[in-house]
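S.K.: Provided below are the primary sequence and the corresponding predicted coordinates.
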Protein chains: 2
Amino acid sequence: MTQPTICPKFEKAVSLLSQKWTALVIYQLLLGTQRFSEIQTAIGISGKVLSDRLKDLESQEIIKREVIPKTPVVIKYSLTDKGKSMKPIIRDIEKWSQLWVK
Amino acid sequence: MTQPTICPKFEKAVSLLSQKWTALVIYQLLLGTQRFSEIQTAIGISGKVLSDRLKDLESQEIIKREVIPKTPVVIKYSLTDKGKSMKPIIRDIEKWSQLWVK
DNA sequence: TTAATCAGTTACTTTATGTAACTTACTGTA
DNA sequence: TACAGTAAGTTACATAAAGTAACTGATTAA
């Protein structure tokens, strides 16, 4: 009856990826810096959920939000180093899906 | 205004991993065949959700369910080849979490 | 003046998870 | 024999997460 406690860091990473849309947002930003509406139309997510997701990811320093003071203002999202370092995870999911998902 | 359609296979893989507990169940079964109650206490999931998850994963042929007709009956869950092939994904998440999650 | 875009927010609905108690064998203990 | 316990779930109900559609406020273009 030992509670084999799973590593909390691993658990946290897993809970990040088990939020819907997280992986797709990161996948999209691996293609380069993008604006809110670009991400939205690329992956087909609602404004509300994208807004939530971007806030989460920003607070975890996986993405950064840049305000470019033009008129009208432009807001650009991109991956931080922490975010970019998730690339192998995303690439493995891609590879696996090509081999195994019918 | 092109809809850059994300690969449906990739999307499907992502939606699998974005269900809560899926990655942890697979992680646990990478340690070897386990019984319902073993998985349950190992990862701290409720019977109801574990039951749902195992049904999903079985229907996608990621795990197999074996009934061993002893008295009382023993039920064992293990990964199929498709399930085992997700090991690199899980290992990458582990590695990333060790390096980047505080 | 009206329409359109961008980056969201708001209010409300639906779906997913979580909680706790219960079930149906069967076994082991008093 | 009666009582408690385990394994592998299921049921009914409660809360949290995600989806939908309409709306904002600033700005520009027709």
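M.R.: Great, that's in hand. Numbers count the residues shown, from 1 in each chain, chains lettered A, B, ... in the order given.

S.K.: Nearest residue to A:Gln19 in space, please, no chain neighbours.
M.R.: Nearest residue to A:Gln19, sequence neighbours excluded (C-beta to C-beta, 6 or more residues apart in numbering or on different chains): B:Ser18, at 6.6 Å. All C-beta atoms are positioned from the backbone trio N, CA, C, and that covers glycine.

S.K.: Distance check, the one you found against DNA strand D.
M.R.: In this view, B:Ser18 and DNA strand D are 7 Å apart by C-beta to the nearest atom of the strand, to the nearest Å.

S.K.: A:Ser46 now?
M.R.: A:Ser46 is 3 Å from DNA strand D, by C-beta to the nearest atom of the strand.

S.K.: which residues does the closest residue to that residue other than its chain neighbours contact?
M.R.: Nearest residue to A:Ser46, sequence neighbours excluded (C-beta to C-beta, 6+ apart): A:Gln40, at 7.9 Å. For A:Gln40, the contact set (C-beta atoms under 8 Å, 6 or more residues apart in numbering or on different chains) comprises A:46-47, A:50.

S.K.: Not counting its neighbours along the chain, what's nearest the spatially most central residue of chain A?
M.R.: By C-alpha atoms, centre = their mean, chain A has its centre lying nearest to A:Ile26, at 3.1 Å. Distance criterion C-beta to C-beta, 6+ apart; nearest residue to A:Ile26, sequence neighbours excluded, is A:Met86 at 5.7 Å.

S.K.: Close to chain B: what parts of chain A are there?
M.R.: By C-beta under 8 Å from any C-beta of the partner chain, the residues of chain A that approach chain B are A:1, A:3-4, A:6-7, A:9-15, A:17-24, A:27, A:41-44, A:82, A:85-86, A:88-89, A:92-94, A:96-101.

S.K.: Just the ones of the residues you listed in helices?
M.R.: A:9-15, A:17, A:22-24, A:27, A:41-43, A:82, A:88-89, A:92-94, A:96-100 (DSSP state H).

S.K.: Please indicate which of these are buried?
M.R.: Among those, the ones that count as buried by 16 or more other C-beta atoms under 10 Å in any protein chain shown are A:9-11, A:13-14, A:17, A:22-24, A:27, A:42-43, A:82, A:89, A:92-94, A:96-97, A:100.

S.K.: Could you list the residues of chain A in contact with DNA strand C?
M.R.: A:35-38, A:46-48, A:51, A:54, A:65, A:72-75 (C-beta under 7 Å from any atom of the strand).

S.K.: least confident pick among these?
M.R.: pLDDT across the residues of chain A next to DNA strand C is lowest for A:Pro72, at 85.

S.K.: Report how many residues lie close to that one.
M.R.: Look at A:Pro72: counted by other C-beta atoms under 10 Å in any protein chain shown, it has 5 neighbours.
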